[in-house]
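Engineer: Take this sequence and fold it.
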Amino acid sequence: MTTSTRSVLSLKRAASPSDAPSLEERLHKVLANAGLGSRRLLEQRIEAGEGQVNGAAASIGSSVRAGDRVEMDQKRFVVVGDNAEHAQMLAYNKPEGVVATRDDPEGRPTMFEQLPILKGARWVAVGRLDINTTGLLLLTTDGDLANALMHPRSEIEREYICRVHGEVPDEVIEKLKTGVELEDGPAHFDEIAVISRGGSHSWFRVVIREGRNREVRRLFAAQGLHVTRLQRTRIGRIKLGELPVGKWRTLTEPEIKSLLAPL
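Structural biologist: Here you go, the predicted structure:
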């Protein structure tokens, strides 16, 4: 049985920036660089079935890339780029009506227009928020780190405050906790807490870990409910706090490490 502790395995940065999107390395080399043994010994152990990648048995010659999950010696690891801890990261408070893409064919304002200009690098969003959703978005200069944080197996908590039209019965809340069927498979809230109920709207605090597209809205919609306001307030240990709407702030090194720690 594996433990719940996770550590980081680093990929070596590609010599050319153009190679970065396809950056990958052989599993035994990555494990050896992390000090888990010699390459030859690790190859033997992998051949003996002692390693797993993304839940499947690894084989000789297996390669890994950013976001992959590795198990060895009853420990779980996540693969990131070798400069992930030194990447620049921002927290941004996205306003309603602003799109989270770099370019919009309809000419609507994008959040990238409001971010600091970089030289020799570009901001990569860690996931998205739809045009009507506000709140916390993270951005980084390290694409490998963004991929690792967005990976479905990252299980990083995302917290939202939402307003739902109409009454929401207790049995519906229980169903949203235990799971409902969506078009892309079963889903549920890891936490759902009532802020207020009664009248024309109800307010909830909800937490999810999967981060599927529009998942909060779709969970309520599966029960015939319409979310009329949605704000993301936390990702992992990073909180929106009092960051003004449309503004950004730089994450500290401890905050970046806190994002890596639970991976």
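Engineer: Assess the claim that Ala34 and Leu9 are in contact.
Structural biologist: Yes - between Ala34 and Leu9 a contact is recorded at 5.4 Å, counting by Cβ atoms under 8 Å. Placement of C-beta: from N, CA and C, glycine included.
Engineer: so what sits against both of those two?
Structural biologist: Phe77 (Cβ atoms under 8 Å, 6 or more residues apart in numbering).
Engineer: Those two: who's more crowded?
Structural biologist: Neighbour tally, Ala34 and Leu9, criterion other Cβ atoms under 10 Å: the higher count belongs to Leu9, 22 against 16.
Engineer: so who does the more buried one touch?
Structural biologist: Val30, Leu31, Asn33, Ala34, Val64, Val70, Phe77, Val78, Val79, Val80.
Engineer: For Glu253, grab the count of nearby residues.
Structural biologist: Using other Cβ under 10 Å: Glu253 sits among 10 other residues.
Engineer: Spit out the contact partners of Val168.
Structural biologist: So Val168 contacts Arg197, Ser202, Phe204, Leu225 (Cβ under 8 Å, 6+ apart).
Engineer: Then Pro109?
Structural biologist: Contacts of Pro109 (Cβ under 8 Å, 6+ apart): Gly97, Val98, Val99.
Engineer: Asn147: which of the contacts of Val168 is nearest?
Structural biologist: Phe204 (30.3 Å; Cβ to Cβ).
Engineer: what's the pLDDT at that closest one?
Structural biologist: Listed pLDDT for Phe204 reads 97.
Engineer: Could you find the closest non-adjacent residue to it?
Structural biologist: Cys162 (5.4 Å; Cβ to Cβ, 6 or more residues apart in numbering).
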